[in-house]
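Colleague: Prediction below, plus the sequence it came from.
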Amino acid sequence: MSIFSRLRRRKQTPSVPADIAVRHHGVPGQRLEVDKWAASEIVLELVKIVGTIPYSLDELMLMTAAFGFHRPATVVDIGTHVGKSARIWYELSRRLEVKATIHTIDLHNPDHPEYADDSLGSFVRGLPVIQHLGDGYIVARSILTDNPAGPVLLYIDGDHRQNTVETELRLVQLITTGCALVHDTFWQPGSPYNHGPHLAVEKLLSTTASAQIIRQPIGLPGMTYIGV
Ligand SMILES: C[S@@+](CC[C@H](N)C(=O)[O-])C[C@H]1O[C@@H](n2cnc3c(N)ncnc32)[C@H](O)[C@@H]1O
């Protein structure tokens, strides 16, 4: 059957519930693969809750794909702020029926330019998301050195300086299976954008083999997936 007939057939078929269909069809442990049509349906639901800032549609797709493919038992989210990413992980765990323990960490330092004040974690208030106050690397390292069972999704969106992200990316060594997602990794040579997260990812990749890298090179802010 040609791709066009398959697409036509699919259009006519009543849509499969997104929570079932997004699961990968490939061989577990291999490269990321999801049903993009089903993932798109989930993204439309996410947009109603978190909007498209700071995560554009392509970034929401990558977050949904990474979560749907790895079905993490543990999520470690560095940089809570208002809690949009943490809320995305919670919504994905609910909709995809994944029993994930979701940790989110923030320095909550009033001197930081992105201090969330009373809005810290407002998107996950009352939800089963474990909020930690402290340095992302230190808190995440203690969660991950306890060797949580099952796949891990590490999300890095705290301090975007190259040195900090390089340190946080050392956490990848503590992951046996799963992935890391790094936000704000857009790279435009010659631009004044902060390239810290991009450069930190490049440095990691120059020394460590990864199962798969997926970049979102369309524009700011950008997100990079590192399969483990
Ligand atoms: C861009 S915001 C995160 C946005 C959040 N992920 C969301 O989706 O709503 C960055 C956050 O990282 C926090 N932060 C900065 N440095 C940090 C560090 N070393 N450890 C943990 N959090 C940090 C800041 O306080 C700020 O709230």
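Modeller: Nice, I can see it.
Colleague: so what's the backbone phi/psi at Val98?
Modeller: Main-chain dihedrals, Val98, degrees, to the nearest 10: phi -110, psi 120.
Colleague: what's near enough to touch it?
Modeller: 67, 71-72, 92 (Cβ atoms under 8 Å, 6 or more residues apart in numbering). Using the backbone N, CA and C atoms, a C-beta is placed for each residue, glycine as well.
Colleague: Export the residues you listed as TSV, with columns for pLDDT, neighbour count and secondary structure.
Modeller: Shown next, in TSV, are the contacts of Val98 (pLDDT from 0 to 100; neighbours: other Cβ atoms under 10 Å; DSSP: H, G, I helix; E, B strand; the rest coil):
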residue	pLDDT	neighbour count	secondary structure
Phe67	96	29	helix
Arg71	93	21	coil
Pro72	96	27	coil
Leu92	97	26	helix
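Colleague: Would you confirm that His198 belongs to a strand?
Modeller: No: in this structure, His198 is helix, not part of a strand, as judged by DSSP: H, G, I helix; E, B strand; the rest coil.
Colleague: Read off the pLDDT value for it.
Modeller: His198 carries a pLDDT score of 97 in this model.
Colleague: before we move on, what about Asp35?
Modeller: With respect to pLDDT, Asp35 scores 89.
Colleague: Give me the neighbour count for it.
Modeller: Asp35 has 19 neighbours, counted by other Cβ atoms under 10 Å.
Colleague: repeat for Arg95
Modeller: With other Cβ under 10 Å as criterion, Arg95 counts 19.
Colleague: Then the one 10 residues further on?
Modeller: Neighbour count for Ile105, taken as other Cβ under 10 Å: 25.
Colleague: Lys99 belongs to a strand, doesn't it?
Modeller: No: counting by three-state DSSP, Lys99 falls outside a strand, being coil.
Colleague: in terms of contact, does it touch Ser93 like I think?
Modeller: Yes: between Lys99 and Ser93 a contact is recorded at 7.3 Å, counting by Cβ atoms under 8 Å.
Colleague: between those two, who's got more neighbours?
Modeller: Between Lys99 and Ser93, Ser93 has the larger neighbour count (other Cβ under 10 Å), namely 20 against 9.
Colleague: Please tell me how far the more buried one sits from the ligand.
Modeller: Look at Ser93 and the ligand: by Cβ to the nearest ligand atom, to the nearest Å, they are 16 Å apart.
Colleague: Enumerate every residue touching that residue.
Modeller: 67, 75, 99-100, 102.
Colleague: Over to Asp58?
Modeller: Applying Cβ under 8 Å, 6+ apart to Asp58 gives the contacts 216, 218.
Colleague: so where do the strands sit in the protein?
Modeller: Secondary structure of the chain, counting by DSSP state E: strands at 74-78, 101-106, 130-133, 152-156, 178-183, 212-215, 223-227.
Colleague: Now the third one: buried residues?
Modeller: So that's strand 130-133. Residues of strand 130-133 classed as buried: 131-132 (neighbour count, 16 or more other Cβ atoms under 10 Å).
Colleague: Please save the CA atoms from that strand in CSV.
Modeller: C-alpha atoms of strand 130-133 as CSV (Å, rounded to 0.1, in the frame of the first residue of the first chain):
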residue,chain,number,x,y,z
ILE,A,130,7.5,16.8,44.1
GLN,A,131,8.9,20.3,44.3
HIS,A,132,12.5,20.8,45.6
LEU,A,133,14.3,24.0,46.5
